[in-house]
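>>> Generate a structure from the sequence data that follows.
(chains A and B)
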Amino acid sequence: MAAPVRRETDAVAADISMPSLKSLSAVSPLTLRLVAECPVSKARACDLALPHCAVPTPVFMPVGTQGTLKGITSDQLEDLGCNICLGNTYHLGMRPGPALIEKASGLHGFMNWRRNLLTDSGGFQMVSLVELSEVTEEGVKFKSPYGGDEILLTPEKSIEIQNSLGSDIMMQLDDVVSSTVTGPRVEEAMRRSVRWLDRCMAANQNPEKQNLFAIIQGGLSLELRKACLDEMTKRDVPGFAIGGLSGGEEKDDFWKMVSLSTDHLPRHKPRYLMGVGYAVDLVVCVALGCDMFDCVFPTRTARFGSALVPWGSLQVKHKQFAKDFKPIDPDCTCPTCKRHSRAYLHALFKNDTAAMHHVTIHNISYQLTLMRSVRQSIIDGRFPDFVKTFMKKMFPSSDKYPGWAVDALRSVNITLDQH
Amino acid sequence: MKLELTRVVQGGYRVGVLREVGRAAHTSMEVPGCLLYTRCGAVPHLTHDTLRTVSPLPPVTQLTLSTVAEHREVLEEYKDGFKKFAGLHDTALYCSLHDPVTPYPAGHITNKTVSVWGSGGRIELTVARFMALQKALRPDLYQSMADGETWQGDATSRKRIRKSVDRTLAHLDECLLIHHQTPELQGAEVLGVVEGGDSLEERVRSAKETAKRPVGGFCLDGFQTGCMERSLRTRLIAAVARELPEDKPRLLQGVGRPDEVVACVEAGVTERGCALTFDLDLSPDTERAGSAPPAVLELGEEKEETWESEQSGDVLLEDQAQTMTPFEMDLKDTKYRDDLTPLVDGCGCYCCTNHQRAYLHHLLVTNELLAGVLLMIHNTAQYNSFFRALREALANDKLEFFKKRVLSRKRVGHKEAKE
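As a prediction, the model looks like this:
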């Protein structure tokens, strides 16, 4: 069940046609091919072969929590070039429930999404819905917000639901603690996550079709993270996620944990950094060696009228755009920018939900385009220059560069021009 | 703009085509037909990509002044008219005064002004300001400013009704004067508005007088669903129709339910064959503001399935008078929870081709934005089909048969579909 090790010299892999890649994934539902590695930093560009289609990385995965990307149809998402998106086990497990989804041919059938799906285990909800939950060795007890009954989410139950959902990548159930928590709870959670990983692996009924990823925990402690990495990499899983970060911790601690993790994760398996989606964070974490990202931020902020652009963001609802007849980004080729102006969107926000959808489309396009550009720059061997240009566009002057980003990039030999 | 009757059928029914609509005189519209309802240029919930999955679309798009009045300054600065501003291409634009969906507060009309409600509150319009708006919008057709308030409640006095007719005529004359002095409105058509509340005498007077003016067509105001008793409405429409020239189109605003549409077609028909065009808002039948009821219009042409009327108490908190019609399915009903069939068999719209009732039910239960998008697509497609079927029935002398199927409250089996 191991993902076959492929070296770059298997660049003959470039000649492998899709059909033979498919026959390989009949053995393994995930195959990673390294397309290029940045000689300066830890960035890589890969091709991830998954059951529904190939996914070029680095990749940003939009989040469709309840079996839908808010306001966007499957066709629209496909047209934007999205190859993989997320669904959430906790939410879908509650409503409409795994039995119905299984009847509907899995989550793919239920939401009519032809490409890849990744499902989160429900672990994060332990943190976000902490009033409602209680963690024991058995699992997580949730009080359902829709009726007050108690649900026990065990590793086995989580995998059972994800098996019914039929996602291409499933996440283990992990014992998540907020990154701001300190003390023995952090170690307890980390050790338990390792035990739960084993239980999840044992519970997976569909290893030939569904990939189970481990999630590295350990909070902000170097030792604990390292211990977790040592343990989890002993397990034969097709991919690893870096979890427990992106929760409100100091960015200075955040990047160091990310970098430590990628240092100790296998080269030939994908690295998924969970919950990261701000443009600067994405670019820096690609430099630190991550391949996959997800975050609700771009789609959520869209609904508030915030459009993402290479120089930051545009609050379309603000008065200053009422008479601005340019599109959100004149260089953007998304359906929204091709047809509509900031002024029109500003007006529409006062009238109809369609305004949110226009900005959601734009923001997803922005994220996917950013990742495509990052990938191409790695393949072309100019990733460090890309980063420098990106930062220049994003910040009005170099003294505005976030300190943590400067440090993180320097740690992988990318020195930003500063005055 | 020319109304061409393609067929005069026995019993006086008429079916035809409205040609050379629009300043560029490119658009034709078959009548009886419905306009495409928008708020600030957007069909509720839909972007261009989701809208154009419905094909063909009504060739004339309707816009309400209440959703754009507050943007006058922006449009004046834009200088290119509303269609371009909103990214509406290949359509003729009709501007109505009030939103046919949303009732507006009474008591704000004066001899010289009417009010519309934008997102920031009440905007008072004199004819001069009204026309300044039209100049900035550059619609292809618009109704003149009118006093249509007499439909509020049944205690409207004769005196009040008479005033509304007088005022409306005065406004019309002033509008026409300004229209001819406004280069930006050359080629656009003005529709005179027939008022008169529930008074036969006043309705006839209004029609006669309005017909004397050089208008491109007529807007029959105050006949919205729920305004008056149905048989009264039928009589009044018939009386009005008798006074209006045959070769000009008549627009009836705010009549939504399919059975009412058929009744109004007949009203014109039994007395005189006339082609009625309908400005239909989809919202009240489908998604009422605030309580967002999950209804679906279900009128297959091939499969006439009319459901028995169902009252869902929790859905209709705001408006007890309006119950779910027999033409709607309440998808929030738990009976659809496991239903993996499309909304309407044979519908062919994007929603029915790609999704199932269970999925729509799930989206509604979880309050997901996509529900609105998919339902609007479906309902728009259904309405189009309904009008197509109505026109065919008229053209083939099958109105009685059509009526029976549309108005029947019994569930018609699939076998009776084709005759």
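>>> Check the burial of residue A:380 by counting its neighbours.
A count of neighbours around residue A:380, defined by other Cβ atoms under 10 Å in any protein chain shown, yields 12. (Each C-beta comes from the backbone N, C-alpha and C, glycine too.)
>>> my guess is residue B:15 is in a strand, correct?
Yes. Assigned with DSSP: H, G, I helix; E, B strand; the rest coil, residue B:15 falls within a strand.
>>> Please name the residues that touch whichever residue of the stretch 101-250 of chain A sits closest to chain B.
For the stretch 101-250 of chain A and chain B, the shortest gap (Cβ to the nearest Cβ) falls at residue A:112, measuring 4.8 Å. Contact analysis of residue A:112 by Cβ atoms under 8 Å, 6 or more residues apart in numbering or on different chains lists A:74, B:354, B:355, B:359.
>>> Would you reformat those as a markdown table and include pLDDT, neighbour count and secondary structure?
Shown next, in a markdown table, are those (pLDDT from 0 to 100; neighbours: other Cβ atoms under 10 Å in any protein chain shown; DSSP: H, G, I helix; E, B strand; the rest coil):
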| residue | pLDDT | neighbour count | secondary structure |
| --- | --- | --- | --- |
| A:74 | 96 | 22 | helix |
| B:354 | 96 | 17 | helix |
| B:355 | 96 | 24 | coil |
| B:359 | 96 | 30 | helix |
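>>> Just the closest of those to residue B:113, please.
Closest approach between the contacts of residue A:112 and residue B:113, by Cβ to Cβ: residue B:355, at 47.0 Å.
>>> and the closest one, backbone torsions?
With angles defined as degrees, to the nearest 10, residue B:355 sits at phi -130, psi 170.
>>> what are the phi and psi values for the residue in the stretch 1-150 of chain A that chain B sits nearest to?
Residue of the stretch 1-150 of chain A nearest chain B, by Cβ to the nearest Cβ: residue A:71 (3.7 Å). Phi and psi for residue A:71, reported as degrees, to the nearest 10, are phi 90, psi 0.
>>> ok, now residue A:275?
phi 80, psi 20.
>>> State the distance from it to residue A:281.
With the distance defined as Cβ to Cβ, to the nearest Å, residue A:275 ends up 10 Å from residue A:281.
>>> Pull up the residues of the stretch 201-350 of chain A that are close to chain B.
A:322-323, A:325, A:335-336, A:339-341, A:343-344, A:347-348, A:350 (Cβ under 8 Å from any Cβ of the partner chain).
>>> Just the ones of these in helices?
Those of these mapping onto helices are A:335, A:336, A:339, A:343, A:344, A:347, A:348, per DSSP state H.
>>> now the helices for chain B?
B:48-51, B:72-78, B:81-86, B:127-137, B:158-180, B:200-212, B:230-243, B:258-271, B:283-286, B:350-354, B:357-365, B:369-395, B:399-407.
>>> quick one: contacts of the first one?
Applying Cβ under 8 Å, 6+ apart, the external contacts of helix B:48-51 come out as A:73, A:75-76, A:79, A:335, A:339, A:357, B:43, B:57, B:87, B:350, B:373, B:376-377, B:380.
>>> what about 7 Å?
The contact list for helix B:48-51 (Cβ atoms under 7 Å, 6 or more residues apart in numbering or on different chains) reads A:73, A:76, A:335, A:339, B:43, B:87, B:373, B:377.
>>> who wins for neighbours among these?
Top of the contacts of helix B:48-51 by neighbour number is residue B:373, holding 28 neighbours under the definition other Cβ under 10 Å.
>>> That one and residue B:44 touch, don't they?
No. Using Cβ atoms under 7 Å as the test, residue B:373 is too far from residue B:44 to be in contact (9.3 Å).
>>> Now the residue of the stretch 1-150 of chain A closest to chain B: closest residue in space that isn't a chain neighbour?
residue B:369 (3.7 Å; Cβ to Cβ, 6 or more residues apart in numbering or on different chains).
>>> what about that neighbour, how many neighbours?
Neighbours around residue B:369, by other Cβ under 10 Å: 18.
>>> pLDDT score for it?
Listed pLDDT for residue B:369 reads 93.
>>> which ones are touching it?
Applying Cβ under 7 Å, 6+ apart, we find residue B:369 in contact with A:70, A:71, A:353.
>>> From the residues you listed, pick the one nearest residue A:224.
Closest approach to residue A:224 among those (Cβ to Cβ): residue A:70, at 35.8 Å.
>>> What's the separation between the nearest residue in space to the closest one that is not next to it in sequence and residue B:376?
In space, and not counting its chain neighbours, residue A:70 is closest to residue B:369: 4.9 Å by Cβ to Cβ, 6+ apart. To residue B:376, residue B:369 is 11 Å away according to Cβ to Cβ.
>>> Same question for residue A:41.
To residue B:376, residue A:41 is 47 Å away according to Cβ to Cβ.
>>> related to what we said a few turns ago, same list (the contacts of helix B:48-51) but as a markdown table, adding pLDDT and distance to residue A:182.
As requested, the contacts of helix B:48-51 are exported to a markdown table (pLDDT from 0 to 100; distance: Cβ to Cβ, whole Å):
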| residue | pLDDT | distance to residue A:182 |
| --- | --- | --- |
| A:73 | 96 | 45 |
| A:76 | 97 | 44 |
| A:335 | 97 | 47 |
| A:339 | 97 | 51 |
| B:43 | 91 | 53 |
| B:87 | 95 | 53 |
| B:373 | 93 | 45 |
| B:377 | 91 | 51 |
